[in-house]
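J.: Here's a sequence, model it:
(one chain, ligands or ions: 1)
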Amino acid sequence: MKKIVVLFSGTGSNLASIIEKVHKKKMRDDENCLGIEVVAAITNNTAAKGIEIATDKQISTVVLDHKLFDTREAFDTKLVKIIQSYEPDLVVMAGFMRIVTPIFTSQVQAINLHPSLLPKFKGAKAIERSFESDDAFGGVSVHYVSEELDAGTIILQEKFDKKMDGSFDDFAKQIKDIEHEILPRAIKHVLCEATKAKQSQAR
Ligand code: GRF
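T.: So this is what the prediction gives:
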C-alpha cells in the first residue's frame, strides 16, 4: 500500500472524493501500486467540516491550529514533524489554505489542487478572478508544491468553456466537479504511473 497524508482547511469535499475514489481501493495487479491508503488527514482549521468526513471513515485526524503559532516557520516545523510520523509516500493538499515555507517544501513531497488553469490566477480568490476575467474558459490544475506559490511542475490540468451567461455559482460548481475527478486521478498518476516510469528508466 502507498500511504498518503491529506491536508485540508474547509468543507473537505475533495478529501471526501479522495476517500471515495482511492482510499483502500484496489488499484492494479502489479506490485507498484496495489493500493493507496489515506493514513492521516490534517487540518489547520479547528472548525473545518472535513474533520467529520475523516473521523467518520476512521482516518487518523489531526487538528493543528495555525493561530497557536507565532510564525509560518514554527507552524511548518510542527506540521512536517506530524506528517513525517506517518511516513507517507505523498502529501496531498486538498483545499489547504496555507502558504508553506521552505521548511515544508524542502522536506515534504506534496501536490496541490488549484482552481484555475495555472499559471493563470495564482494565489487566493482564483475562482472569482477567473470568472471575472475576459477568458472564455476556466480550469483546474494539480501541480507539485514548490517554494514559489502555485508555480510547481504541473501534473494534470483540465480546461472548460465558460458559459456566456452562466452564473458564478455554476462556474464554481463546474470547478468543484472537475476537482473531484482530477485530484484522485493525479494521486494515482504520481503514485502508480510515475513510479512505474521511474523504475523502468532505472532498468
Ligand atoms: C477547492 O476549490 C480548492 O481548489 C481550493 O479550496 C477548495 C477546497 O474545497 N484551494 P473543499 O474543502 O475540498 O471542499
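J.: What's the separation between the nearest residue to Phe171 once chain neighbours are set aside and the ligand?
T.: For Phe171, ignoring the flanking residues on the chain, the nearest one in space by CB to CB, 6 or more residues apart in numbering is Phe131 at 4.9 Å. C-beta coordinates here come from the backbone N, C-alpha and C atoms, glycine included. According to CB to the nearest ligand atom, to the nearest Å, Phe131 and the ligand sit 13 Å apart.
J.: In contact with Phe131, which residues?
T.: 138, 162, 168, 171-172 (CB atoms under 8 Å, 6 or more residues apart in numbering).
J.: which of those count as buried?
T.: Buried members of these, scored by 16 or more other CB atoms under 10 Å, are 138, 162, 171-172.
J.: which among those residues gets closest to Val6?
T.: Ala172 (21.4 Å; CB to CB).
J.: would you say the closest one is within a helix?
T.: Yes - counting by DSSP: H, G, I helix; E, B strand; the rest coil, Ala172 is found in a helix.
J.: quick one: the residue lying closest to it once chain neighbours are set aside and the ligand, what's the gap?
T.: Counting by CB to CB, 6+ apart, the nearest residue to Ala172 once its immediate chain neighbours are dropped is Ile127, at 5.4 Å. Note on Ile127: its distance to the ligand, by CB to the nearest ligand atom, is 7 Å.
J.: how much space between Ile127 and Thr11?
T.: 14 Å (CB to CB, to the nearest Å).
J.: what residues do the two have in common as contacts?
T.: Counting by CB under 8 Å, 6+ apart, Ile127 and Thr11 have no contacts in common.
J.: separation between Glu73 and the ligand?
T.: 22 Å.
J.: what's the burial count for whatever residue of the chain ends up closest to the ligand?
T.: Residue of the chain nearest the ligand, by CB to the nearest ligand atom: Gly95 (2.4 Å). By the criterion of other CB atoms under 10 Å, Gly95 has 23 neighbours.
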